[in-house]
Structures are given as C-alpha cells and as structure tokens.
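In: Got a sequence here, can you model it:
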Amino acid sequence: MYQRTKDILDKIIELKRKRNAVILAHNYQLPEVQDVADFVGDSLELAKKALNVDADIIVFAGVSFMAEMAAALNPDKIVLHPDPSAGCPLADYATPDIIKKYKEEHPNVPVVLYVNSLAVSKALADYVVTSSSAVSLIKRIGKDEVLFGPDKNLADHVMKMTGIKVIPLPPHGHCPVHQYLIDEYHLIKALEEHPNAKVLVHPEAPPEVRARADFIGSTSQMLKAVKDMNAKEFIMGTEEGLSYRARKLYPEKKVYPLNPRAICIDMKKITPLKILRSLETLKPRVILDKEVSRRVREVIERSLEMLR
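Out: The predicted structure follows:
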C-alpha cells in the first residue's frame, strides 16, 4: 500500500492531526521514529510529559513498562503501544512475589522501584524513580536503608553516591544491553580509537565501566553533558540509539557509541509502519486494572512531588 518511507511518515502526520494524537518516543528508538515523534526523552521526561499531555491519544514508542506508565497516568485517554512484544528483560526481575518477599524480610524499609518495572510491581512500591532522579529522591526519603530494584548496577551507583544502604531487589537484576555490551573491553577499544573523547556512561552499566567514566547519568543527563562539557568528542556508554540523538542535537560535536552493537532489540521493534497501523486501527491499546492504575498513579505523583 505504501511505496516509500516518506508516504508512511506523511500519513502518520496526517493521522496525528486528525485524531488529536501525540507520539512519545524514548531516546533509544530508531532514528526515523525519533524524527516523527512529538517528544523524545528519557524515562523521567516521558513520565512528566505523559502526565500533562494535551491529546486524546498517546502513541508510546518505547517498551511495555513505559506504555503502562502512560496509561496509568492517563486513565481517560487512549494509550497505544505499537508492538506489545517490546518488553524489558530488566523489568521482569522485580515481580510482585519477589517484592512481597523482600518487604516481609525487611519490614519498615521503604521500597523504591526503578521506573523500569512492571505496573503490578510499581503498585507495591513506596516510590518510583528514574536513573536521573534515583540519587536525589532516595536522599530525600531520609532513611538509613532502602530496598531498591530491579537494577543491581543502579542500586550500587545510588549507594556510592548517597552513602545510604541500598538493598538490591533482587541481587541479580540487570539490563542485558548495559551489563554485557557496555563492558570494559568495548570501553578500552573505544578509547583506543578515540583517545581524546570524554566517556559518558549510564548508571545501569557495570561498576568497572562507571569507574572509568568522566560522567555518569541518565540519557537526558548525558545529552546535556555533551552540550555543556568542554570537549569536542564523546563516547556514549549506553544503547546506541542515544548517539544518533546527540549527533542530531549537537552536530558540531563528534559522538561515538561505546559499542555500536549495544542495541536494545525490544526498543527497535517499534517502527514507523507499526505506529501508522496503531493510529489507523487504534490498537494495540494498553489496558490496566483500575486499582493497579490508581496505585501506580499515586506512587508516581508522590515521587514526582518529592522532586519539586
């Protein structure tokens, strides 16, 4: 039916206008998805945008936990996830049963969940954080220890930055892309190729990679560092999609992925054609249990309020 990519993109723009829809896309999305989106950002930025979006329909170009969050924050809107099979292996580590078990073993210890978690798990948390807000929010809780999941590397980073005891929930939770592809070997290789580059690393990366970084932060914090740091070359220690975003925003800088093969297959499942099909059919729609949605909304709003 569509002969060219441009035909697909033109039809998306037409349908967005006709249906009063917006497309929210994560920084790891395909370049052409980022280009057609109304807003591109990290998890915290997308959460805030989803909370205040002025549209009847939200198309979420990201993985399933992100689409769930948008649905929880917008119970009266239609939220579409163009490919429901785009999940997150990290999110699957912190199941409701595991959270309940840890809460029983550590009574009166706050449960802080990374945004990369399932809606049914967020509903059991006291707070929800992103990689950019974890350190500041956990400091503000005012407790000597917290339960934190599901990413062990982010838990380690928060503990080092705050001095607070962070109990990983579970101890082996990780993002496969950051754990196995943003590794020390590829960092050494990248520095050999670009010896003058500053190394920017996501906190989901292993400790030995973070130890060699010039900057550690969320995807949007890394983009800001590219803008603000007095350097012309950068190595991005995260999923390769962020390098495209950085080069687009700051064409005067040279930006290289730490590992060009560090690709989140789930993020890349979303394509312009799938977005178009969603807008045409208004499917697949994200439907959450009303009580789960209410509880997630309550936890996220409380967490965002603490950051103001």
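In: quick one: least confident helix or strand in the chain?
Out: helix 43-52 (a mean of 80; mean pLDDT, DSSP states H and E).
In: Could I get the full set of helices for the stretch 1-150 of the chain?
Out: Listed in chain order, the helices of the stretch 1-150 of the chain (DSSP state H, counting those that start in this stretch) span 5-19, 31-36, 43-52, 64-73, 96-105, 119-122, 134-141.
In: rank those helices by pLDDT, which is bottom?
Out: With a mean of 80, helix 43-52 has the lowest mean pLDDT of these.
In: Identify all contacting residues around it.
Out: Under the criterion Cβ atoms under 8 Å, 6 or more residues apart in numbering, residues 24, 26, 39, 41, 58, 60, 62, 66, 69-70, 73-74, 115-116, 130-133, 218, 220, 300-301, 304 lie in contact with helix 43-52. C-betas here are computed from N, CA, C, even on glycine.
In: And for stretch 97-117?
Out: Outside stretch 97-117, the residues that touch it by Cβ under 8 Å, 6+ apart are 43-44, 47, 65-66, 69, 88, 90-91, 94, 121-122, 124-131, 134, 137-138, 141, 143, 145-151, 154, 167, 169-170, 175.
In: buried ones in the least confident helix or strand of the chain?
Out: Counting neighbours by 16 or more other Cβ atoms under 10 Å, one finds that the buried residues in helix 43-52 are 43-51.
In: and which of the residues you listed is nearest Ile287?
Out: The closest of these to Ile287 turns out to be Ala50 (Cβ to Cβ; 16.0 Å).
In: Pretty sure Ala225 sits against Phe215.
Out: Yes: Ala225 is within contact range of Phe215, at 4.7 Å (criterion: Cβ atoms under 8 Å).
In: Looks like Glu74 contacts Ile57 (just checking).
Out: Not quite, residue 74 is Asn, not Glu. No: applying Cβ under 8 Å, one finds Asn74 not in contact with Ile57, separated by 9.8 Å.
In: where along the chain do the strands fall?
Out: Secondary structure of the chain (DSSP state E): strands at 21-26, 39-41, 57-61, 78-80, 111-114, 127-129, 145-149, 165-168, 198-201, 215-216, 233-237, 254-257.
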